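Peer 1: Return atomic coordinates for the entry below.
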Amino acid sequence: MTEIYYGWLSLLPPLIVIIIALWTRLSLEPLIIGILAGYIIIDFMSPEINFFDATINSFTVTLQDELMVWVIMVCCLYGALINLMIRSGGVLQFGNHMLKHANTKKKSLLTTWLFGTFLFVDDYLNALTTGTTMKKITDHYKIPREMLAYVVSSTAVPVCVIVPISTWVIFIGKLLEDNQLVAEGDGIAAYLNIIPFISYGYIQFLLVPLTILGIIPIIGRMKKAIARAEKTGQVIPDNSKEFKLDVEVFLDEEALDKENLLAIPEGQRKVKGKRESSSWYLILPLIVLISATIIMDLDALKGIITALVFTIIYYAIKKVAPIKTLSASTIEGMKSMLYALVLLVLSYVLKNLGDEMALTQYVIDSVNGRVNKEFLPLIIFLTLGAIAFATGNSWGLYAIAIPLVIPLATALDCNMWLCIGAVVSAGAFGAHACFFSDATILASQGAECNNYAHGITQLPYALISFSISCVVYVILGFAF
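Peer 2: Numbering: from 1, shown residues only. Below you'll find the model as predicted:
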């Protein structure tokens with residue numbers, strides 16, 4: 001079969017998704033329309049390819065992909081663990097304890113930022129756990145969920161790319177080895193050379209406290225969200241039901257309280273059982289989760305399996321609830337991730353569509369030979385950042401772009417680590433800014449916030465960091 005050159009047509013599917021998302025303020029439907037439009041283009045360009053077969057095959061390939069299976073399992077099990085921690089009362093008690101210290105709006109948001117900073121092992125863990133844990137505190141001070149989701153998302157991805165102990169580092173380090181830039185086993189050590197050049201990670205991470213403290217002003221839709229929460233008390237944006245988590249709390253071994261305890265003043269809560277909850281029901285599972293993930297070669301899947309088994313046994317020993325109830329709660333937690341997982345699968349299908357249409361190759365070829373080495377880091381960051389924002393996929397971008405950037409940097413005699421740092425920064429920007437990236441979706445899930453509302457309110461801050469990073473890459477390009 002003759003290979004088809006799609007050229008600028010490869011840009012259309014992601015552009016369609018972005019335009020429809022901005023127009024309709026929806027998340028799911030634009031992805032579906034963009035994917036269908038892409039395969040209509042492929043069908044039209046190649047009579048050998050049938051639209052239906054190509055679309056179905058893309059979904060089949062995506063769902064059979066090893067990384068996609070890993071993502072689905074990790075997200076489902078994270079949902080299960082989070083639901084258990086919520087219903088044990090551990091999250092509630094931790095929130096009550098933190099309220100004594102985080103006793104202002106600014107302190108509550110800074111505490112959220114610091115909490116997320118220490119969950120640097122994996123961005124999925126960070127986004128889901130931080131939002132779930134801290135929303136009781138931020139709700140108390142009438143902080144909109146959009147602001148909470150922004151702090152969570154803006155912390156999760158940056159710390160994972162600038163701290164050399166994360167699933168991101170493992171993945172990128174392996175790519176460096178596979179492309180023979182470094183010897184096998186030296187990928188993580190080599191990543192240390194890249195860390196100083198990941199400008200977007202540093203800038204976005206530091207922008208969060210500057211925004212919280214008022215040094216960077218509240219702008220755009222975020223300003224409206226804050227005004228809504230302060231005037232009406234509505235912290236959750238409209239159309240957030242898809243991300244709503246079960247907040248029932250185990251009260252005794254036989255019965256569950258059917259009221260939302262987080263919304264009832266402490267002194268007015270009806271407690272059927274005599275057992276008191278504890279912050280340790282949250283803290284110990286998190287300690288096990290982080291420790292197991294680090295010990296098991298930063299494998300988030302092995303870490304969450306270990307933590308989930310530990311938590312069920314721990315809760316059973318402490319008689320938090322019967323095994324049957326704990327098992328049912330585990331399944332409910334997995335089900336709560338369904339909408340987020342549908343969005344993730346669609347975003348991966350869109351990424352595969354871009355690969356089929358050679359989107360990344362087209363963009364890099366368009367700039368190759370038209371730039372000198374001083375501006376190469378900037379061009380890499382600009383072009384790949386645009387692709388990452390349009391497709392919502394970072395790891396897939398790294399897998400395609402790094403093999404292309406290495407010979408390009410070599411040919412122009414440009415600093416290799418600086419160029420790869422620009423690639424990593426571009427992926428971090430896409431993961432953070434794209435409306436349908438996994439980081440954005442899971443930050444929305446953790447904060448129980450409408451995905452579009454989260455994406456549009458944080459976009460101005462992502463663009464500020466993106467613009468500053470462009471300037472930094474110009475400076476670094478001449479300096480190195």
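Peer 1: can you tell me how far residue 227 sits from residue 128?
Peer 2: 28 Å (C-beta to C-beta, to the nearest Å). (C-beta placed from N, C-alpha, C; glycine too.)
Peer 1: Show me what the helix-or-strand element of the chain with minimal mean pLDDT is packed up against.
Peer 2: Each helix and strand of the chain was given a mean pLDDT (mean pLDDT, DSSP states H and E); the minimum falls on helix 359-367 at a mean of 76. Packing partners of helix 359-367 (3 or more C-beta pairs under 8 Å, 6 or more residues apart in numbering; DSSP states H and E): helix 376-391, helix 395-411.
Peer 1: need those helices in TSV with mean neighbour count and mean pLDDT, can you?
Peer 2: Converted to TSV, those look like this (neighbours: other C-beta atoms under 10 Å; pLDDT from 0 to 100):
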stretch	mean neighbour count	mean pLDDT
helix 376-391	24	90
helix 395-411	19	84
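Peer 1: Contacts made by stretch 158-165 with the rest, please.
Peer 2: With C-beta atoms under 8 Å, 6 or more residues apart in numbering as the test, stretch 158-165 has contacts from 116-117, 119-123, 126, 166-169, 188, 191-192, 195, 198, 200-202, 204-205, 294, 298, 424-425, 427-428, 432.
Peer 1: Buried ones among the residues you listed?
Peer 2: Buried residues within these, counting neighbours by 16 or more other C-beta atoms under 10 Å: 116-117, 119-123, 126, 166-169, 188, 191, 195, 198, 200-202, 204-205, 298, 424-425, 427-428, 432.
Peer 1: What about those residues, which are in helices?
Peer 2: 116-117, 123, 126, 167-169, 188, 191, 200-202, 204-205, 424-425, 427-428, 432 (DSSP state H).
Peer 1: What residues sit buried inside whichever helix or strand residue 224 is part of?
Peer 2: Here residue 224, judged by DSSP states H and E, is contained in helix 220-232. Judged by neighbour count (16+ other C-beta under 10 Å), helix 220-232 contains these buried residues: 221-222, 225-226, 228-229.
Peer 1: by how many degrees do the helix ranked longest in the chain and helix 376-391 diverge?
Peer 2: Secondary structure of the chain per DSSP H: the longest helix is helix 451-479. On the basis of axes from the mean of the first three to the mean of the last three C-alpha atoms, to 10 degrees, helix 451-479 is oriented at 170 degrees to helix 376-391.
Peer 1: same for helix 451-479, what does it pack against?
Peer 2: Helix 451-479 packs on helix 12-24, helix 145-162, helix 199-212, helix 220-232, helix 376-391, helix 416-433, helix 438-447, going by 3+ C-beta pairs under 8 Å, 6+ apart.
Peer 1: Tell me which of the helices and strands packed on helix 359-367 sits nearest to residue 82.
Peer 2: helix 395-411 (22.9 Å; C-beta to C-beta).
Peer 1: what's the spacing between that closest one and its chain's center?
Peer 2: 23 Å (C-alpha atoms, centre = their mean, to the nearest Å).
Peer 1: what sits up against it?
Peer 2: Contacts for helix 395-411 (C-beta under 8 Å, 6+ apart): 67, 168, 171-172, 175-176, 179, 181, 348, 351, 355, 360-361, 364, 368, 376, 380, 384, 387-388, 391, 415-416, 419-420, 423-424, 426-427, 430.
Peer 1: Can you flag the buried ones in these?
Peer 2: 168, 171-172, 175-176, 181, 348, 351, 355, 360-361, 364, 376, 380, 384, 387-388, 391, 415-416, 419-420, 423-424, 426-427, 430.
Peer 1: if we can go back for a sec, now do the helix holding residue 224: everything it contacts.
Peer 2: With C-beta under 8 Å, 6+ apart as the test, helix 220-232 has contacts from 142-144, 146-147, 150, 218, 234-235, 237, 453, 456-461.
Peer 1: just for the stretch 1-150 of the chain, where's the confidence low?
Peer 2: Flagging of the stretch 1-150 of the chain using pLDDT under 70 yields the residue ranges 1-3.
Peer 1: 50 instead?
Peer 2: Residue ranges of the stretch 1-150 of the chain with pLDDT under 50: 1-2.
Peer 1: so residue 294 makes contact with residue 121?
Peer 2: Yes - checked against C-beta atoms under 8 Å, the pair residue 294 and residue 121 is within contact range at 6.3 Å.
Peer 1: Name all residues that sit in contact with the two at the same time.
Peer 2: Contacts common to residue 294 and residue 121, judged by C-beta under 8 Å, 6+ apart, are 165, 303.
Peer 1: Helix 199-212 and the helix holding residue 224, what's the angle between them?
Peer 2: Using the same axes, to 10 degrees: helix 220-232 against helix 199-212 is 30 degrees.
Peer 1: Just the C-alpha atoms of helix 220-232, please, in PDB.
Peer 2: Provided in PDB are the C-alpha atoms of helix 220-232 (Å, rounded to 0.1, in the frame of the first residue of the first chain):
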ATOM      1  CA  GLY A 220      -9.900  35.600  32.700                       C
ATOM      2  CA  ARG A 221     -12.500  33.000  33.500                       C
ATOM      3  CA  MET A 222     -10.800  32.200  36.800                       C
ATOM      4  CA  LYS A 223     -11.700  35.700  38.100                       C
ATOM      5  CA  LYS A 224     -15.400  35.000  37.300                       C
ATOM      6  CA  ALA A 225     -15.200  31.600  39.000                       C
ATOM      7  CA  ILE A 226     -13.800  33.100  42.200                       C
ATOM      8  CA  ALA A 227     -16.500  35.900  42.100                       C
ATOM      9  CA  ARG A 228     -19.200  33.200  41.700                       C
ATOM     10  CA  ALA A 229     -17.900  31.100  44.600                       C
ATOM     11  CA  GLU A 230     -17.600  34.200  46.900                       C
ATOM     12  CA  LYS A 231     -21.000  35.700  46.100                       C
ATOM     13  CA  THR A 232     -23.200  32.500  45.800                       C
END
